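J.: Here is the input, now give the coordinates:
(chains A and B)
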Amino acid sequence: MFPLTLDIYFEIGAFIISLLCFRSLRDKPLKWFIPFLFFIIVVELTGRHIRKDLHLPNSWLYNISIPLEYCFYTFLFYKSYTNRLFRQTAVSLLILFPAFCIVNILFLQGFYSFNTNILLVGNCITIILCCQFFVDLFQREVEINLLVEPMFWISTGLLFFNIGELSYSMFYQYLLQHRQDATGKLFILIHKNLIYFLYSFISIGILCTRIRYRKT
Amino acid sequence: MHKDSLPEDIKNLILALAVIFICLGVFIILFVILFNKRKNRMLREKQEIQSRFQQELLQTQIEIQEQTLKTISQEIHDNVGQILSLAKLNLNTFPFTNDEQQTKINDTKQLVSKAIIDLRNLSRSMYGDQLNELGLNDAIANELSIIRNTGQFETQLNIEGEKFKLSLQHELVIFRMLQEALNNIIKHAKAKNIYVTLQYNNPAFAISVTDDGKGFDPDSINNSKNGMGLKSMKNRAALISGNFEIDSNNGKGSTLSLNIPDAKTKTL
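T.: Here you go, the predicted model:
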């Protein structure tokens, strides 16, 4: 399992930052980042252990964790929106997306093979939620300093991550079917680079809550 | 080529798409930043316009109120005052035949005289020009002496710091706020002592009115439909860029204070 790859260190870094910012996070929905990031690290380490040490497929693990990740982000957006319509959209997605994941696992792609459909739909949903958040920001009748707005940084990270990953997940099913990139080198290349972006932006967002907490 | 490896053209296509998508993301973020900057600027402008409009509205309200008070004051002085003076004159020339009548006439003359004095005081108090004649400190002292003369209240005026001249508009607003505060104390507070403190701390000026009455809960007043006087005081304070504060608790008296950070230079 060791040495760990750089992307896991980025995730651990974000988790440590969230722990250090606990006081500023505790009254906000962002406090859920602490258990969430812990969960991500556990999943990554477990996935790595299964694949590297036990030499077993670990797709089933990601079939569980990826839907949970997207549900978490959807919940976070739901909490951040001020627009009623956007909140309703987020609630609908919180119901529809898990339902789709269950249907996909049970009837379409199975539990033990990697669920590319879930990844693709999750990417699209998160991109839409990010764009909705930006529109929601525009609609607020208050001055907003984006540099200290935690959700702006988190949304930016999520947008880059999902928009970048979408370029691959669009072809994922095709590539799997034709046994191309079976080792997943390109996917890992894109995914890992995007993870640096995502967790850096999440860390900045969490740190922003500390700046705002100190100001108040 | 290895069967499991990715053909170069597909790899390039995916990478190109990734770059294009990320560029699109960058474009979206840049757009968000620029739009937000513009929105912030527009919001600031809107707030400035609203604030200016609010100031003008308040100023107009106060001008109308002052004009109304002046008209009533002149009516009291010129009309009711004159009638009472005539009545007193008639009483002086009233032919009486016995001591009982004389006593009654004298009592009536005293009552009319008191009514004339009270009306004159009321007229002077309503008419803002006494500020011009007396200045703020003496006008306030005069108000307090009128209250003290009723025999129901003890009043005390403290003046701290070196006095400097405030603009007439400032003085008028301060004086009207003080009158409103005193009026509230007389009507609702059931107080015995009233303390007024003026603090000249160039260029800042502060005034506080304290009573030892039954006090009130400021929040309940703010949330109720009553308390027009306090709301009006807040509006007046905003008009002269002053900070108006209420410190009161049920059963513990109350203190109303107005603090104007830059009283010397600000004009309406």
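J.: What residues does chain A have near chain B?
T.: Contact residues (CB under 8 Å from any CB of the partner chain) of chain A with chain B: A:131, A:134, A:137-138, A:141-144, A:146, A:152, A:156, A:159-160, A:163-164, A:166-168, A:170-171, A:175, A:179-183, A:185-186, A:190. C-beta: built from backbone N, CA, C; applies to glycine.
J.: Can you check which helix is longest in chain B?
T.: Ranked by residue count and defined by DSSP state H, the top helix of chain B is helix B:8-75.
J.: quick check: angle from the next helix or strand after it to helix B:8-75?
T.: Per DSSP states H and E, the first helix or strand lying C-terminal to helix B:8-75 is helix B:81-92. Orientation note: helix B:81-92 sits at an angle of 20 degrees relative to helix B:8-75 (axes from the mean of the first three to the mean of the last three CA atoms, to 10 degrees).
J.: Toward the C-terminus, what is the element adjacent to helix B:81-92?
T.: Using DSSP H and E, the helix or strand that directly follows helix B:81-92 along the chain is helix B:99-126.
J.: Pull out the buried residues from that next one.
T.: B:112, B:116, B:119, B:121, B:122, B:123, B:124, B:125, B:126 (16 or more other CB atoms under 10 Å in any protein chain shown).
J.: ok, now which ones touch the most centrally placed residue in chain A?
T.: Centroid-nearest residue in chain A, with CA atoms, centre = their mean: residue A:69, separated by 5.2 Å. By CB atoms under 8 Å, 6 or more residues apart in numbering or on different chains, the contact set of residue A:69 is A:36, A:40, A:122.
J.: at 10 Å what do you get?
T.: Neighbouring residues of residue A:69 by CB atoms under 10 Å, 6 or more residues apart in numbering or on different chains: A:36, A:39, A:40, A:43, A:62, A:122, A:126.
J.: Out of those, which sit inside helices?
T.: Counting by DSSP H, the contacts of residue A:69 contribute A:36, A:39, A:40, A:43, A:62, A:122, A:126 to helices.
J.: For the closest residue to the last one other than its chain neighbours, list the residues it contacts.
T.: This points to residue A:126. Computed as CB to CB, 6 or more residues apart in numbering or on different chains, the closest residue to residue A:126 that is not its neighbour in sequence is residue A:162, at 4.4 Å. With contact taken as CB under 10 Å, 6+ apart, residue A:162 is in contact with A:70, A:73, A:119, A:122-130, A:169, A:194, A:198, B:21, B:25.
J.: rewinding a little: quick one: which helix or strand includes the residue nearest to the centre of chain A?
T.: helix A:59-80.
J.: pLDDT of that helix, averaged?
T.: Helix A:59-80 carries an average pLDDT of 96.
J.: what's the offset of that helix from the middle of its chain?
T.: Distance of helix A:59-80 from the chain centroid (CA atoms, centre = their mean, to the nearest Å) equals 7 Å.
J.: Put the alpha carbons of that helix into PDB.
T.: These are the backbone C-alpha positions of helix A:59-80, laid out as PDB (Å, rounded to 0.1, in the frame of the first residue of the first chain):
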ATOM      1  CA  SER A  59     -14.600  -1.500  -8.400                       C
ATOM      2  CA  TRP A  60     -17.400  -2.500  -6.000                       C
ATOM      3  CA  LEU A  61     -15.900  -0.200  -3.400                       C
ATOM      4  CA  TYR A  62     -16.100   2.800  -5.700                       C
ATOM      5  CA  ASN A  63     -19.600   1.800  -6.800                       C
ATOM      6  CA  ILE A  64     -20.600   2.500  -3.200                       C
ATOM      7  CA  SER A  65     -18.400   5.500  -2.500                       C
ATOM      8  CA  ILE A  66     -18.900   7.500  -5.700                       C
ATOM      9  CA  PRO A  67     -22.800   7.800  -5.300                       C
ATOM     10  CA  LEU A  68     -22.200   8.800  -1.700                       C
ATOM     11  CA  GLU A  69     -19.700  11.500  -2.700                       C
ATOM     12  CA  TYR A  70     -22.100  13.000  -5.300                       C
ATOM     13  CA  CYS A  71     -25.000  12.900  -2.800                       C
ATOM     14  CA  PHE A  72     -22.800  14.700  -0.300                       C
ATOM     15  CA  TYR A  73     -22.000  17.500  -2.700                       C
ATOM     16  CA  THR A  74     -25.700  17.700  -3.700                       C
ATOM     17  CA  PHE A  75     -26.600  18.100  -0.100                       C
ATOM     18  CA  LEU A  76     -24.000  20.800   0.300                       C
ATOM     19  CA  PHE A  77     -25.300  22.700  -2.600                       C
ATOM     20  CA  TYR A  78     -28.900  22.300  -1.300                       C
ATOM     21  CA  LYS A  79     -27.700  23.900   2.000                       C
ATOM     22  CA  SER A  80     -26.000  26.700   0.100                       C
END
